[in-house]
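Novice: mind looking at a prediction? Sequence and model below.
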Amino acid sequence: MRNNLHTLAFALITSFASINASAEFFKNGSDLSKEALAFDRVAEGRASSADFQQSAAFNGYIAGAVDVLHRINICPPSGTTLDQIASIVSKYLKAHPERWGNPGEAIILNSLRPVFPCK
C-alpha cells in the first residue's frame, strides 16, 4: 500500500512538472482577465457556481504574487484587504487589454506598484 502511494505521488509530481516545464509562466493577463470577470460578477452578486471557482483562483494567484512582492516592490498599508487588491488588478486588466499577453505576475506588479509604492 505504501509503495502504491509513493508511486502515485511520484506520477502526480512528474506529470505536473512536465505540464509546466515548457511554460514560461503559469498565467498570463488573458487568463487573469477571464478570472477577473468572474471576480467582478461575484462582487456584484450575479455569479454562477463556475464564477466562484474562477474568482477563488484569481484571488489565490494574486495572494501568492502579493506575498512575494510585498515590501520589495509594493507596500500596501496595513489593513489592505485581498478584495481591495483584487479589485485594483481587475480594473487594471480592463484598462490595459494590450498587456494581456504579459505574465500574470507582471500584470499584478504593474497594477499595484503605482497604487502601493514603497517609500
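Specialist: Good, I have the coordinates. Numbers count the residues shown, from 1 in each chain.

Novice: helix, strand, or coil at residue 30?
Specialist: Classification of residue 30 by DSSP: H, G, I helix; E, B strand; the rest coil places it in helix.

Novice: out of everything not next to it in sequence, what's closest to it?
Specialist: Once flanking residues are discounted, residue 30 sits nearest to residue 100: 4.3 Å by Cβ to Cβ, 6 or more residues apart in numbering. C-beta: built from backbone N, CA, C; applies to glycine.

Novice: so that neighbour makes contact with residue 28?
Specialist: Yes. Between residue 100 and residue 28 there is a contact at 6.6 Å, judged by Cβ atoms under 8 Å.

Novice: who has more neighbours, the two?
Specialist: It is residue 28, of residue 100 and residue 28, that has more neighbours when counted by other Cβ atoms under 10 Å, with 19 against 15.

Novice: and that one, what's its pLDDT?
Specialist: Residue 28 carries a pLDDT value of 94.

Novice: and residue 44, how far is that from residue 114?
Specialist: Distance from residue 44 to residue 114, counting by Cβ to Cβ, to the nearest Å: 25 Å.

Novice: please identify the helix or strand for residue 89.
Specialist: For residue 89, the host element (DSSP states H and E) is helix 82-95.
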